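[1] take a look and give me a structure for this.
(chains A, B, C and D)
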4 protein chains.
Amino acid sequence: MAYFQARTDLALEAREYVEDSNQELRGVEVEEYEDEEGKMHVTKVKITTQNGAKILGKPKGTYVTLEVPGLCECGENSDVGEDHEEVAWEISKQLTQLLPKDKEPYQVLVVGLGNRDVTADALGPAVAEHLSVSRHMVQEYGALGLPKESHAITSCIVPGVMAKTGMETAEIVKGIVKETNPDVVVVVDALAARSSKRLNRTIQISNTGIHPGSGVGNHRNAIDEETLGVPVVAVGVPTVVDAASIVMDALEKMHKELQETVFLQARDSVVLSQLHNMYVTAKDIDSTIKRISFTLAEALNFTFVGGGKKEHKEKM
Amino acid sequence: MAYFQARTDLALEAREYVEDSNQELRGVEVEEYEDEEGKMHVTKVKITTQNGAKILGKPKGTYVTLEVPGLCECGENSDVGEDHEEVAWEISKQLTQLLPKDKEPYQVLVVGLGNRDVTADALGPAVAEHLSVSRHMVQEYGALGLPKESHAITSCIVPGVMAKTGMETAEIVKGIVKETNPDVVVVVDALAARSSKRLNRTIQISNTGIHPGSGVGNHRNAIDEETLGVPVVAVGVPTVVDAASIVMDALEKMHKELQETVFLQARDSVVLSQLHNMYVTAKDIDSTIKRISFTLAEALNFTFVGGGKKEHKEKM
Amino acid sequence: MAYFQARTDLALEAREYVEDSNQELRGVEVEEYEDEEGKMHVTKVKITTQNGAKILGKPKGTYVTLEVPGLCECGENSDVGEDHEEVAWEISKQLTQLLPKDKEPYQVLVVGLGNRDVTADALGPAVAEHLSVSRHMVQEYGALGLPKESHAITSCIVPGVMAKTGMETAEIVKGIVKETNPDVVVVVDALAARSSKRLNRTIQISNTGIHPGSGVGNHRNAIDEETLGVPVVAVGVPTVVDAASIVMDALEKMHKELQETVFLQARDSVVLSQLHNMYVTAKDIDSTIKRISFTLAEALNFTFVGGGKKEHKEKM
Amino acid sequence: MAYFQARTDLALEAREYVEDSNQELRGVEVEEYEDEEGKMHVTKVKITTQNGAKILGKPKGTYVTLEVPGLCECGENSDVGEDHEEVAWEISKQLTQLLPKDKEPYQVLVVGLGNRDVTADALGPAVAEHLSVSRHMVQEYGALGLPKESHAITSCIVPGVMAKTGMETAEIVKGIVKETNPDVVVVVDALAARSSKRLNRTIQISNTGIHPGSGVGNHRNAIDEETLGVPVVAVGVPTVVDAASIVMDALEKMHKELQETVFLQARDSVVLSQLHNMYVTAKDIDSTIKRISFTLAEALNFTFVGGGKKEHKEKM
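    Predicted structure coming up:
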């Protein structure tokens, strides 16, 4: 069916659309809850079988989604989002559960994916800007080079995009991983949602890595444990919607409002080739990326280096 | 009618939509031609009466549109568009016709509108980066400070956007104009088109200035001769489409393909408030802005400072 | 005497060099103290007479200097300096004493001077990036547009540098001030020190504005109360040393070490024209500017909008 | 001798200082000439023995230096330097002689070294911005993906600096080379000169790679054929002088002017530790980097992809 092709990087949305279509959904476990203060809605989707992976169009693994309405709203100053420290702690808590537990300090390579010259795609590079790295200090000074109470030795790369490097991002990351031997790779990326209402307020954390294009099948360019040889945790926030998805979404809305099935027929048949390679984003995407990248970087710094308010640490 | 509200900054498109709706169109003169080599299509729309202005939703004046399919295609290297020098000369030729003729050198202030931190909106600031300015040299050294054969003494400002300055752009420009007394102001801006097929391949040059918002009526924030006291020529390229326009466009296409009037009803009635403040742009908008800004800056430098290949000069 | 020509934007240093030369220093009052925790050294230089102004080469007025060794050292994460909140509060406290007291909320225009494309000169533009502005909200919504407990209605401009605008910065600022009528202007700028030991650890706050070039005399391009018609407070941090100053400094050091007066003769006579338009800066100037701009912006936000930890507010 | 430690990345300067000190210089061959139009001075230094390498503090190999006074002067517009196409062709000609001759198209990886956030160090990243890459097109479409007449299949990486990545640049490049198998690596970097008169007007092309730190000896972090397994050609332009070098230079000048040997004693003995990690650069370094990077990128595009004016091609 055509609407399956509407791209979403969110397992949460893939599941919604499958449910809406009344397909049976085996091999997928879902758990949902609100955080104590009701500021975030947490959904965990576990894809446990190949069948589940095929239906959702996503690899097997765990996908944790935090929905945080205030994520990109102006917080105490224009640089940060509302409740950014609380949100950073929650992200850090969820991320920690997907990271290696058998070694401390472990060595982590953070990869800031995306194109720093396209605002909506610059989330990964922007997070990298705020990250504290320590691997070179440890290489030089041994344990003394590591900030006290650090859980991890950190390094970071912004590989750039294929149109500018002429290389698959996976090739670049693979080469660096082989040469520097991290225990785990954390990739940060801007995602595409199916629905505009998810934009800039949803964080997905998964242990399945990144699969450009079809999700399952084409493994050549994946950035995952299979290609890198070490676990890969992905952290992403949807910042764009494919232009074609916007039209499909609108048609579904019209179907509901006007009760004419022709809208669904149109959704499934009309070719929107003119919208190929077009995406929809918010007008204030610059301040959005600034705030979200600040919160994600804080989450990563909390996770690897520590710091932050005492009351949050105690909650952990 | 709802679809009138679909935003377009192009007089060309406004006219098309009026024609499509079979309204009578008085007070508007149109002239069209191809350039000699068939690479550009030129359309001049002259709005000559208040009635014409009201119907098209644009102020009285001249709007020249160049349609150049290769504008953002990769040229001899990845920095410039196809035929960029030819295109720059054509823009320069059209622009020259809208500039003051009674004084040489005249003094021009170029204003690079838009938000440098949002790629699709950064056209004005990007053009400003490539511009040669001379006013300070003339202030210091008199006529000796002006490059030989220059037609104009140039200055340039990138005022930034209201969300970051707390000021209307019109206020900033007005203050600078009063203080520095240019003979003419040229504003460069990224525009919104109604149709995605206009994006990144259409250049509009007009002598009516810039009217944020409704076009006619709200004059407080206009950047035009009335508010600044000197002629204002605007040069723009559409780089985005309002997200709601994409849906309306698709509905019109469906109407044509499927012959169901319900699509037009939907277009005129369905509320797309979720798409408010969302826009559609191309995935490679960074290289697009790079190439177009290079060509526009070349056009302005040709116009004010001179230079370029001899064969082009002779054509002028 | 030649060494007077060594440029310093710090009144503190001007005074030191005058003292070292055993000149009598009338018309200048000095007060010094450490803050309670010994983290900052505060010096207030008041130039009270034209004679004092002439000897120090600085206009009459108050110059407060905070020396903070940790200003650009890595703090709790790599984005911020050590003790950045404490330092921001101290800056805010000193700045508040130089601001208008007769009106609240007053309207303030912050001007981020300097060249955003030259790292060492990008302090002003970098501070502007982090600033919260509210004037446009107040224009639109009246008092409701102002964040609660704000002391000021804020606007902000990054005028750019003359080589790119073709205009004196003073012209641009003057035009905007006339058009938008702030009660006070706060300019933020990167300064030049005479000695490398002041770099990136000294903050100067003065109520005398900015005087490019000679300091006293040439008023054409000053950004001060005389030219703008409203009080001008300047906040700056030295990030560079003139290359010629480095040589002079070294010669003075050699004189002390080797006790040969020929070094002082050389200092006063040797022409260093090759070093004209060259400056000295630190290799890690990017992280330095990032941290200092963050602290200065925090200081301005505390001052105008409020916020920050309760214990600091109580100290004020 | 202390002054040997004054850092220069230019073999040309290393040789001058050795000659000035009247040391015998064996194992070093030098050839010099002007180009036909007298716009460039070309010097080839060949270090042929380990002894020559030791004396000059540079590895064995060929170092071609072009001295081009107009390199960073404003050319036909403010974006490009004087005679930039001619200069690009000369660079391309010299570079071609150091590249592999046995295979066409060969695969080249261009590495833009340096810190994009520090203007004077951003030459490598700026060149990368202007480069045309084709490797991904060839991977996708085979020979059809390669622009006609191309000599090379190109890819490009900007690895960033250790303070931000936590990794040695050599590690990153080595990993990518192993994974993508180029036939040759071309590194572009901003260099340090000993004398300010070389700044921004000298291009060095060598087949010895890059050796951070001491030049000979410490091989761990070298980017050269030994560590990468493929030939490495380095292209660089000095944009900075170490602050300590400026003082030494001035002392030598004073020695010549004042004929006091105490200046040479000072040069060799005085400790300038306060100047550690400080460098000297030009005030207009932003436009300098813009122009030089444009010319270097043009030179690389000419070399790998072709293009440019016919008359230049015929000269080749």
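
[2] what about the residue of the stretch 101-250 of chain A at minimum distance from chain B, how many residues nearby?
    Residue nearest to chain B within the stretch 101-250 of chain A: A:Asp117 (3.8 Å; C-beta to the nearest C-beta). Bear in mind the C-beta positions are built from the backbone N, C-alpha and C, glycine included. Counted by other C-beta atoms under 10 Å in any protein chain shown, the residues lying close to A:Asp117 total 20.

[3] quick one: it from chain C, how far?
    16 Å (C-beta to the nearest C-beta, to the nearest Å).

[4] wait, that residue touches B:Thr119, no?
    Yes - the criterion here is C-beta atoms under 8 Å, and A:Asp117 meets it with B:Thr119 at 6.5 Å.

[5] mind listing the shared neighbours of the two?
    B:Asp286 (C-beta atoms under 8 Å, 6 or more residues apart in numbering or on different chains).

[6] quick one: A:Glu90 is in a helix?
    Yes - judged by DSSP: H, G, I helix; E, B strand; the rest coil, A:Glu90 forms part of a helix.

[7] that one: what's it in contact with?
    A:Glu90 touches A:35, A:40, A:42, A:66, counting by C-beta under 8 Å, 6+ apart.

[8] could you do A:Glu36 as well?
    Contacts of A:Glu36 by C-beta under 8 Å, 6+ apart: none found.

[9] list phi and psi for the residue of the stretch 101-250 of chain A closest to chain B.
    A:Asp117 adopts backbone torsions of phi -90, psi 0, taken as degrees, to the nearest 10.

[10] can you tell me how far it is from D:Ala128?
    Taking C-beta to C-beta, to the nearest Å as the measure, A:Asp117 falls 12 Å from D:Ala128.

[11] ok, now A:Thr288?
    A:Thr288 is 27 Å from D:Ala128, by C-beta to C-beta.

[12] just A:Gly38 next, same as before
    From A:Gly38 to D:Ala128 the distance is 47 Å (C-beta to C-beta).

[13] those two: which has the busier surroundings?
    Using other C-beta under 10 Å as the criterion, A:Gly38 and D:Ala128 rank with D:Ala128 on top: 26 against 7.

[14] assign a three-state SS to that one, would you?
    With three-state DSSP as the criterion, D:Ala128 reads helix.

[15] so who does the nearest residue to it once chain neighbours are set aside touch?
    Among residues not flanking D:Ala128 along the chain, D:Gly112 sits closest, at 3.5 Å (C-beta to C-beta, 6 or more residues apart in numbering or on different chains). Neighbouring residues of D:Gly112 by C-beta under 8 Å, 6+ apart: D:124-128, D:156-158, D:188.

[16] if we use 6 Å, what do you get?
    D:124-125, D:127-128, D:158, D:188 (C-beta atoms under 6 Å, 6 or more residues apart in numbering or on different chains).

[17] turn these into CSV, including distance to C:Thr208 and pLDDT.
    Supplementary listing: those in CSV, determined by distance: C-beta to C-beta, whole Å; pLDDT from 0 to 100:
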residue, distance to C:Thr208, pLDDT
D:Gly124, 42, 97
D:Pro125, 39, 98
D:Val127, 43, 98
D:Ala128, 44, 97
D:Val158, 43, 98
D:Val188, 45, 98
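
[18] any idea which of those residues is closest to D:Cys74?
    D:Val127 (19.3 Å; C-beta to C-beta).

[19] give the contact list for the closest one.
    Contacts for D:Val127 (C-beta under 6 Å, 6+ apart) come out as D:112, D:188, D:293, D:296-297.

[20] same check, this time on A:Ser195
    A:Asp249.

[21] any idea how far it lies from A:Glu32?
    17 Å.

[22] just A:Ile289 next, same as before
    28 Å.

[23] those two: who's more crowded?
    Set A:Ile289 next to A:Glu32 and count neighbours by other C-beta under 10 Å: A:Ile289 wins out with 28 against 12.

[24] mind listing what the more buried one touches?
    Counted by C-beta under 6 Å, 6+ apart, A:Ile289 has contacts A:119, A:122-123, A:126.

[25] are any of those buried, and which?
    A:119, A:122-123, A:126 (16 or more other C-beta atoms under 10 Å in any protein chain shown).

[26] what values do phi and psi take at A:Lys58?
    Dihedral angles (degrees, to the nearest 10) for A:Lys58: phi -140, psi 150.

[27] go ahead and confirm it touches A:Ala11.
    Yes - using C-beta atoms under 6 Å, A:Lys58 is in contact with A:Ala11, at 5.2 Å.

[28] which of these two has more neighbours?
    A:Ala11 (28 against 24).

[29] the more buried one contacts A:Thr62, doesn't it?
    No - A:Ala11 lies out of contact with A:Thr62 (C-beta under 6 Å); the separation is 9.1 Å.

[30] so which of the buried ones among the contacts of A:Ile289 are in strands?
    Judged by DSSP state E, strands contain none of these.

[31] reformat those residues as TSV; add pLDDT and distance to C:Pro238.
    Formatted as TSV, those follow (pLDDT from 0 to 100; distance: C-beta to C-beta, whole Å):
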residue	pLDDT	distance to C:Pro238
A:Thr119	96	33
A:Ala122	97	32
A:Leu123	97	35
A:Ala126	97	29
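
[32] can I get the contacts of D:Gly112 in a markdown table including distance to C:Lys178?
    Below are these laid out as a markdown table (distance: C-beta to C-beta, whole Å):
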| residue | distance to C:Lys178 |
| --- | --- |
| D:Gly124 | 45 |
| D:Pro125 | 41 |
| D:Val127 | 44 |
| D:Ala128 | 44 |
| D:Val158 | 45 |
| D:Val188 | 47 |
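
[33] where in chain A is pLDDT low?
    A:1-6, A:76, A:213-220, A:307-316 (pLDDT under 70).

[34] can you give me the strands for it?
    A:28-34, A:41-47, A:61-67, A:106-112, A:152-157, A:184-193, A:202-206, A:232-242, A:278-282.

[35] out of the ones you listed, which comes closest to D:Ser206?
    Of those, nearest to D:Ser206 by C-beta to C-beta is strand A:152-157, at 27.1 Å.

[36] how about that closest one and chain D, touching?
    Yes - Strand A:152-157 reaches chain D (C-beta under 6 Å from any C-beta of the partner chain) through A:154-157.

[37] out of those, who's nearest chain D?
    Distances from chain D to the residues of strand A:152-157 next to chain D, taken by C-beta to the nearest C-beta, are shortest for A:Ser155, at 3.6 Å.

[38] quick one: contacts for that closest one?
    A:109, A:133, A:135, D:165-167.

[39] same thing but 10 Å
    The neighbours of A:Ser155, taking C-beta atoms under 10 Å, 6 or more residues apart in numbering or on different chains as the test, are A:107-111, A:131, A:133-136, A:138-139, A:176, A:180, A:182, D:162, D:164-167, D:171-172.

[40] who does it form a beta bridge with?
    A:Leu109 (DSSP bridges).

[41] alongside chain C, which residues does chain A contribute?
    A:74-79, A:129-133, A:147, A:290, A:294, A:297-298, A:301-302, A:305-308 (C-beta under 10 Å from any C-beta of the partner chain).

[42] with that, I have no additional questions.
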